[in-house]
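A.B. asks: okay, here's the prediction I keep looking at, along with the sequence it came from:
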Amino acid sequence: MSDVKSWTCPKCGQVNTSKFCTGCGTKRPSETWTCPNCGAENTGRFCTKCGQKRADNLGQTQPLDMSAVRAPQRTTPEPVIKPSYETPQQPAQQVPPAMQGRMVPPQGNVPQPDQSKGKQIALIVVIIVLLGVLGFFGYREFFADEGTGYQPVAKQETAADSKPVREMKTDLSLGGLDLGDPAGDIAEVETDAEKKDPKQEGSMLRHYYADMQIVEENGKITALVSETDKVSTKRGIHQGSMLDEVQKAYGTDTFSQSDDGDGRTLYEYKFTGQDDRVGLLRFAVKDGKVDYISVRTYEGAAQPAGVQAAAPAVNDSESAKGTLRNFYSAISSKNLAAAWNLMTPEQQSRMGGYDSFRNGYSTTLSSAATNITVASSSADKVVLNYTLIARDRAEGGHVKVQNFNGSATLVKQDGGWKISYTESSKVGEHLQ
């Protein structure tokens with residue numbers, strides 16, 4: 001009996017003992033075999049490298065199911081419906097069993113570059129438009145364009161709880177009232193009762209309201225004085241405003257500037273109001289802030305027909321005080337001609353004539369009459385006592401400040417008060 005080992009042809013199934021198949025001529029496979037999975041040469045029934053089993057017939061092997069060995073079986077992801085504009089999906093490629101479990105499934109739709117870029121551009125445009133709108137309204141609120149003539153709407157810069165006021169017509173106004181307005185207009189602004197009874201001062205009637213004093217004469221408003229920060233001028237200045245705000249609104253070229261002896265500096269501006277009446281707007285400034293505001297008819301100016309400049313009446317001492325103040329205000333503002341016209345011819349003669357009077361004030365910076373009191377009064381004569389503070393230029397760039405106790409006699413003449421006599425004595429002096 002032959003000991004030659006038989007073998008089965010892997011192609012036709014013929015059992016053979018020779019090197020070639022008697023049925024189809026296929027060469028007998030070698031005793032060694034190559035693993036189809038990892039390529040290692042083997043002689044046993046299993047691959048020594050990956051464990052792949054040798055086929056039942058010589059040279060025939062079955063691929064190892066690596067999905068069960070190397071990675072858990074993954075479920076097939078649900079199909080994704082893509083927009084019509086996307087490229088049709090290509091047929092799935094055949095994946096060898098050995099690679100199953102190693103493939104990374106698709107991660108869904110990737111945003112198209114054109115869509116993302118378009119959204120970014122739209123967002124940038126919206127932000128630019130919003131910034132432009134905010135910038136425009138911010139500019140209108142806080143700035144004025146002098147180049148185009150645009151000005152923001154004027155606002156009353158009063159205290160937060162200030163009451164609304166009606167529109168003022170001229171700069172000779174305060175709290176919604178103008179000099180020359182009918183006295184009946186007071187009720188449109190002052191709706192509350194007066195804090196004390198009105199006071200008759202000759203032909204003038206002074207009202208005392210919570211926010212300001214109002215003086216009327218012959219049915220017209222002739223003076224206004226602030227009491228609180230709830231009333232403002234036409235340009236928005238009120239008690240508590242800073243000096244630089246006043247100067248920004250009205251300028252630095254004042255009609256007069258003087259001290260009142262109580263720590264206040266009086267800044268006065270001259271304006272022409274209703275009916276061509278001439279008046280003064282005063283800001284009394286203390287420690288850099290407005291302490292009070294007053295508006296009154298200017299007694300030293302020529303007034304139109306029918307308008308009297310604080311016409312005196314019996315015992316009208318307040319008007320006499322105003323004449324004395326105006327006299328020294330005119331000196332402070334270098335309007336010496338106006339001051340000269342507030343004296344009687346007798347007093348002008350005592351001064352040695354106009355040239356001598358003018359030269360006597362050549363170094364004067366300011367003069368102010370303060371603490372004015374009435375010594376005596378009658379229908380046509382008033383004697384006033386007061387303190388005079390005079391500031392003059394001195395050598396070395398200094399300012400000489402002199403204090404005087406003064407007395408002035410005023411008489412009624414030509415429809416107004418005139419200074420007929422003055423005398424004073426120096427009580428103090430120092431350099432600044």
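C.D. replies: Here it is on my side, so go on.
A.B. asks: Tyr428: how many residues sit nearby?
C.D. replies: Not quite, residue 428 is Gly, not Tyr. 10 (other C-beta atoms under 10 Å). C-beta: built from backbone N, CA, C; applies to glycine.
A.B. asks: can you name the residues in contact with the helix or strand encompassing it?
C.D. replies: In this assignment (DSSP states H and E), Gly428 forms part of strand 416-431. By C-beta atoms under 8 Å, 6 or more residues apart in numbering, the residues outside strand 416-431 that reach it are 299, 309-312, 319-320, 323-324, 327, 342-344, 346-347, 350, 382, 388, 394, 398-412.
A.B. asks: next step: those residues restricted to helices.
C.D. replies: Judged by DSSP state H, the contacts of strand 416-431 include 319-320, 323-324, 327, 346-347, 350 as members of helices.
A.B. asks: of the residues you listed, closest to Asp185?
C.D. replies: Asp185 lies nearest to Ser319 out of these, by C-beta to C-beta, at 23.2 Å.
A.B. asks: just give the number of residues close to that closest one.
C.D. replies: 22.
A.B. asks: ranges for the strands of the stretch 101-250 of the chain?
C.D. replies: In the stretch 101-250 of the chain, the strands defined using DSSP state E, counting those that start in this stretch lie at 173-174, 177-178, 196-201, 204-208, 212-217, 220-226.
A.B. asks: out of the helices and strands in the protein, which is least certain?
C.D. replies: Of all helical and strand segments in the chain, the minimum by mean pLDDT, DSSP states H and E falls on strand 256-259, at a mean of 71.
A.B. asks: packing partners of it?
C.D. replies: With contacts defined as 3 or more C-beta pairs under 8 Å, 6 or more residues apart in numbering; DSSP states H and E, strand 256-259 has these neighbours: strand 265-272, helix 317-332, strand 364-377.
A.B. asks: partners of that strand, with directions?
C.D. replies: According to DSSP bridges, strand 256-259 forms sheet pairs with strand 265-272 (antiparallel).
A.B. asks: against Gln213, how distant is the closest residue to Glu217 other than its chain neighbours?
C.D. replies: Nearest residue to Glu217, sequence neighbours excluded (C-beta to C-beta, 6 or more residues apart in numbering): Met204, at 4.6 Å. To Gln213, Met204 is 11 Å away according to C-beta to C-beta, to the nearest Å.
A.B. asks: and stretch 268-275, what's buried?
C.D. replies: Buried residues in stretch 268-275, counted by 16 or more other C-beta atoms under 10 Å: 268-271, 273-274.
A.B. asks: again, but for stretch 20-27
C.D. replies: For stretch 20-27, a neighbour-count test (16+ other C-beta under 10 Å) marks Cys21 as buried.
A.B. asks: from the chain's centre, how far out does it sit?
C.D. replies: Distance, stretch centre to chain centre, for stretch 20-27: 106 Å (C-alpha atoms, centre = their mean, to the nearest Å).
A.B. asks: give the rounded mean pLDDT of that stretch.
C.D. replies: In this model, stretch 20-27 has an average pLDDT of 85.
A.B. asks: below-threshold pLDDT in the stretch 101-250 of the chain: ranges please.
C.D. replies: Scanning the stretch 101-250 of the chain for pLDDT under 70 picks out 101-116, 138-165.
A.B. asks: weed out the non-buried ones from the ones in helices among the contacts of strand 416-431.
C.D. replies: Among those, those scoring as buried are 319-320, 323-324, 327, 347 (criterion: 16+ other C-beta under 10 Å).
A.B. asks: okay, and the beta partners of Ser256?
C.D. replies: Glu268.
A.B. asks: can you count the residues close to it?
C.D. replies: 25.
A.B. asks: residues contacting it?
C.D. replies: So Ser256 contacts 266, 268, 280, 329-330, 332-333, 335 (C-beta under 8 Å, 6+ apart).
A.B. asks: if I look at the residue nearest to Met168 when sequence neighbours are not counted, how far off is Met212?
C.D. replies: Of all residues not flanking Met168 in the chain, Lys234 sits nearest, at 4.3 Å (C-beta to C-beta, 6+ apart). Distance, Lys234 to Met212, by C-beta to C-beta: 14 Å.
A.B. asks: these two: which is more packed in?
C.D. replies: Neighbour totals were compared for Lys234 and Met212, and Met212 leads with 24 against 21 (other C-beta under 10 Å).
A.B. asks: any idea what that one is bridged to?
C.D. replies: In this entry, Met212 is beta-bridged to Ser226, by DSSP bridges.
A.B. asks: likewise for Met204?
C.D. replies: Applying DSSP bridges, one finds that Met204 bridges with Glu201, Glu217.
A.B. asks: ok, it - how many residues close by?
C.D. replies: Met204 is flanked by 19 other residues according to other C-beta under 10 Å.
A.B. asks: and the gap between it and Val382?
C.D. replies: Shown here: Met204 relative to Val382, a distance of 15 Å by C-beta to C-beta.
A.B. asks: and if you look at Gly406?
C.D. replies: Gly406 sits at a distance of 14 Å from Val382 (criterion: C-beta to C-beta).
A.B. asks: so these two - more neighbours on which side?
C.D. replies: Legend: neighbour count by other C-beta under 10 Å for Gly406 and Val382, higher for Val382 (26 against 17).
A.B. asks: do you know the pLDDT at that one?
C.D. replies: Per-residue pLDDT puts Val382 at 90.
A.B. asks: and what of the one 4 residues further on?
C.D. replies: With respect to pLDDT, Tyr386 has a value of 93.
A.B. asks: give me the helices and strands touching the strand or helix carrying it, please.
C.D. replies: Applying DSSP H and E as the criterion places Tyr386 in strand 381-393. Strand 381-393 is packed against helix 317-332, strand 364-377, strand 399-413, with contacts defined by 3+ C-beta pairs under 8 Å, 6+ apart.
A.B. asks: closest to Gln14 out of the ones you listed?
C.D. replies: strand 399-413 (139.8 Å).
A.B. asks: please identify the buried residues of the closest one?
C.D. replies: 400-404, 406, 408-412.
A.B. asks: what is the neighbour count of the closest residue in space to Thr43 that isn't next to it in sequence?
C.D. replies: Closest residue to Thr43 apart from its sequence neighbours, by C-beta to C-beta, 6+ apart: Thr32 at 5.2 Å. Using other C-beta under 10 Å, Thr32 has 9 other residues around it.
A.B. asks: so Thr32 touches Asn42, yeah?
C.D. replies: Yes: in this structure, Thr32 is within contact of Asn42 by C-beta atoms under 8 Å, at 6.7 Å.
A.B. asks: one step back: just the helices and strands packed on strand 256-259: most buried one?
C.D. replies: helix 317-332 (a mean of 23; mean count of other C-beta atoms under 10 Å).
A.B. asks: next, the angle from that helix to strand 381-393.
C.D. replies: 20 degrees (axes from the mean of the first three to the mean of the last three C-alpha atoms, to 10 degrees).
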